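K.L.:
Got a sequence here, can you build the structure:
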Amino acid sequence: MSKYKNSLEEASTISDIDTSNWDAINPNYVARMRLQNQFKTGIDIAKYTASIMRKDMDEYDKDPAAYTQSLGCWHGFIGQQKLISIKKHFGTNNKKYLYLSGWMIAALRSQFGPLPDQSMHEKTSVASLINELYTFLKQADARELGGLFRELDSASDKDKPAVQEKIDNFETHIVPIIADIDAGFGNEEATYLMAKQMIEAGACAIQIENQVSDEKQCGHQDGKVTVPHADFLAKINAVRYAFLELGVDDGIIVARTDSLGAGLTKQIAITNEEGDLGDQYNSFLDVEEINDKNMNHGDVMISQNGKIVRPKRLPSNLYQFRKGTGEARCILDSITSLQNGADLIWIETEKPHIGQIAAMMNEIKKVIPNAKLVYNNSPSFNWTLNFRQQVFDVMSESGDDVSQYEREDLMNEKYDETELAKQADDKIRTFQADASKEAGIFHHLITLPTYHTAALSTDNLAKEYFGSEGMLGYVANVQRKEIRQGIACVKHQNMSGSDMGDDHKEYFAGEAALKAAGKDNTMNQF
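P.N.:
Alright, predicted model coming up:
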């Protein structure tokens with residue numbers, strides 16, 4: 001039996017549906033509204049999307065070409081339009097997720113106004129955006145199905161089966177969200193409470209980082225401070241308990257390490273015996289041996305390798321790690337997280353270099369063979385310059401003539417048509433596929449793309465509309481392109497729910513309904 005007919009049969013068997021008191025209630029309309037609202041709660045969404053991610057993770061283990069992707073979205077409408085576009089262009093949203101960036105919440109969604117990415121925004125903003133994103137995605141479902149129901153009603157008997165098939169094979173716009181909980185916004189209890197709120201809003205995957213919550217910095221800024229592994233693992237446990245309490249048993253935890261760029265720690269780890277996890281963490285500290293002559297008042301001392309040493313403490317009361325230990329710390333962080341409850345890892349790097357990423361992942365896989373990485377294809381990277389310099393270096397090592405290029409100036413437009421630039425662009429184009437095959441990257445995301453596209457498109461519109469082009473600046477560069485490219489929101493009344501509202505008016509009021517989509521609706525011209 002088709003989904004539609006099954007839903008109609010269920011609606012027709014509701015106990016009061018045939019009573020005189022419910023004469024105005026049409027089981028066909030009930031069936032349609034139920035199909036248009038497949039997910040009743042955020043927990044329903046979290047369970048559904050967690051199963052999708054688990055399936056995708058299994059498929060990636062079998063074939064690294066089956067990697068997944070997402071774009072960061074800072075508003076429900078942006079996420080909705082992204083998924084509508086994906087379905088339009090590719091026919092499916094398989095392996096396409098959403099990413100919720102703490103950076104964009106700080107910059108765009110805080111009641112304080114724009115803030116740096118330092119966990120200063122309201123904790124509840126994260127769950128609020130998750131809820132908003134899924135509200136818009138559910139509306140996208142209802143809108144598309146509503147259109148199919150209207151198409152079914154007006155179709156000939158010959159064409160009805162084809163429309164019915166579209167309804168029965170409808171693919172929801174609901175996809176997994178990987179949601180950023182920063183460093184947990186406080187202690188383990190705060191992390192647990194916030195994780196619960198995020199899961200209740202629909203999050204199936206929560207990403208948490210090993211920075212100190214009250215010293216948290218953006219992963220691409222200086223001054224990052226990490227915590228000992230025991231502290232971080234307690235927060236991973238807090239997130240897992242939140243998933244399990246709410247019945248999302250296969251929820252995903254993404255453990256992010258910022259150790260590559262973090263040269264500081266706020267605490268010396270507790271260690272009970274040589275070689276334990278705390279001892280391994282402390283082994284990376286920048287220390288100096290002390291004796292009676294160089295001991296100072298207030299010194300902090302630890303016993304290490306049979307010696308009494310003094311960790312170097314900064315005026316900020318933070319301790320520093322030895323330079324050059326970042327990659328080793330990332331490897332230890334990742335292995336430890338995967339051995340203690342995390343499902344995926346995230347290594348925040350300073351550049352997009354497959355060789356560097358693969359070298360760390362190879363070490364991790366010696367211990368955790370199926371380790372999988374979530375990687376930030378960050379807009380903080382200058383992708384053009386980075387990859388041109390990588391190609392330049394390879395050419396130099398191969399003995400090719402690079403005398404026409406200036407390595408530090410390779411961003412210059414004058415190089416755009418050169419062979420070096422074309423090779424670099426090819427490497428950027430295939431970066432995701434290559435890195436997934438060679439460096440264990442299961443999921444590629446871009447944190448802030450829609451932040452930048454909104455700014456770029458607004459700049460272009462402002463320049464044209466307020467300049468010499470006037471109204472043509474909007475018509476030629478926005479509306480005309482929307483119509484020709486089939487952008488769904490060109491029918492903005494329909495996108496905002498006008499047609500669904502008309503459907504409901506008919507359900508509720510019958511022939512007395514005052515509808516908006518009549519012959520004088522100017523949107524009909526599209």
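K.L.:
name the element A421 belongs to?
P.N.:
Using DSSP states H and E, A421 maps to helix 419-429.
K.L.:
Quick check: mean pLDDT of that helix?
P.N.:
Here helix 419-429 scores 97 as its mean pLDDT.
K.L.:
for stretch 456-463, same thing?
P.N.:
For stretch 456-463, the mean confidence score works out to 95.
K.L.:
From the contact counts, what lies against the helix or strand following the helix holding A421?
P.N.:
Sequence-wise, the next helix or strand downstream of helix 419-429 (DSSP H and E) is helix 431-438. Applying 3 or more C-beta pairs under 8 Å, 6 or more residues apart in numbering; DSSP states H and E, one finds that helix 431-438 contacts helix 354-365, strand 441-446. In this view, the C-beta of every residue, glycine as well, is placed from N, C-alpha and C.
K.L.:
ok, back up a step: determine the set of other helices and strands touching the helix holding A421.
P.N.:
Going by 3+ C-beta pairs under 8 Å, 6+ apart, helix 419-429 lies up against helix 383-397.
K.L.:
Please list the outside residues in contact with the helix it packs on.
P.N.:
Helix 383-397 has contacts (C-beta atoms under 8 Å, 6 or more residues apart in numbering) with 351-353, 402, 405, 407, 410-411, 415, 420-421, 423-425, 427-428.
K.L.:
For the residues you listed, name the two members farthest from one another.
P.N.:
Spanning the widest gap among the contacts of helix 383-397 are P352 and V402, at 21.3 Å by C-beta to C-beta.
K.L.:
more crowded one of the two?
P.N.:
Each of P352 and V402 has its neighbours counted (other C-beta atoms under 10 Å); P352 has more, 21 against 16.
K.L.:
Quick one: closest of the helices and strands packed on helix 431-438 to P116.
P.N.:
Comparing those under C-beta to C-beta, the one sitting nearest is strand 441-446, at 19.7 Å.
K.L.:
How far away from the center of its chain is the closest one?
P.N.:
9 Å (C-alpha atoms, centre = their mean, to the nearest Å).
K.L.:
Report all helices and strands that it contacts.
P.N.:
helix 42-62, strand 68-72, strand 96-100, strand 373-376, helix 431-438.
K.L.:
ranges for the strands of the stretch 101-250 of the chain?
P.N.:
For the stretch 101-250 of the chain, strands defined by DSSP state E, counting those that start in this stretch occupy the ranges 177-180, 205-209, 225-226.
K.L.:
As JSON lines, the ones you listed with mean neighbour count would be great.
P.N.:
Listed next are the strands of the stretch 101-250 of the chain as JSON lines, based on neighbours: other C-beta atoms under 10 Å:
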{"stretch": "strand 177-180", "mean neighbour count": "26"}
{"stretch": "strand 205-209", "mean neighbour count": "27"}
{"stretch": "strand 225-226", "mean neighbour count": "26"}
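K.L.:
which stretch in these is the model least sure about?
P.N.:
strand 225-226 - the lowest mean pLDDT of the strands of the stretch 101-250 of the chain, at a mean of 92.
K.L.:
by contact count, what packs against it?
P.N.:
Judged by 3+ C-beta pairs under 8 Å, 6+ apart, the packing partners of strand 225-226 are strand 264-265.
K.L.:
Now do the strand it packs on: everything it contacts.
P.N.:
Outside strand 264-265, the residues within contact range by C-beta under 8 Å, 6+ apart are 223-228, 281, 285, 314, 318-321.
K.L.:
downstream neighbour of that strand in the secondary structure list?
P.N.:
Using DSSP H and E, the helix or strand that follows strand 264-265 towards the C-terminus is helix 277-282.
K.L.:
Okay, buried residues for the helix or strand following that following helix please.
P.N.:
Using DSSP H and E, the helix or strand that follows helix 277-282 in sequence is strand 287-289. For strand 287-289, a neighbour-count test (16 or more other C-beta atoms under 10 Å) marks V287 as buried.
K.L.:
Could you do stretch 363-375 as well?
P.N.:
Using 16+ other C-beta under 10 Å as the test for burial, stretch 363-375 gives 363-365, 368, 371-375.
K.L.:
Out of those residues, which is nearest to A142?
P.N.:
Using C-beta to C-beta, these come closest to A142 at V374, 30.9 Å.
K.L.:
State the pLDDT value of that closest one.
P.N.:
V374 carries a pLDDT value of 98.
K.L.:
Please name whichever of the helices and strands packed on helix 431-438 is nearest to K82.
P.N.:
Shortest separation from K82 across the helices and strands packed on helix 431-438 is recorded for strand 441-446, at 11.4 Å, computed as C-beta to C-beta.
K.L.:
avg pLDDT for the closest one?
P.N.:
In this model, strand 441-446 carries a mean pLDDT of 97.
K.L.:
now the angle from that strand to helix 354-365?
P.N.:
For strand 441-446 against helix 354-365, the angle by axes from the mean of the first three to the mean of the last three C-alpha atoms, to 10 degrees is 140 degrees.
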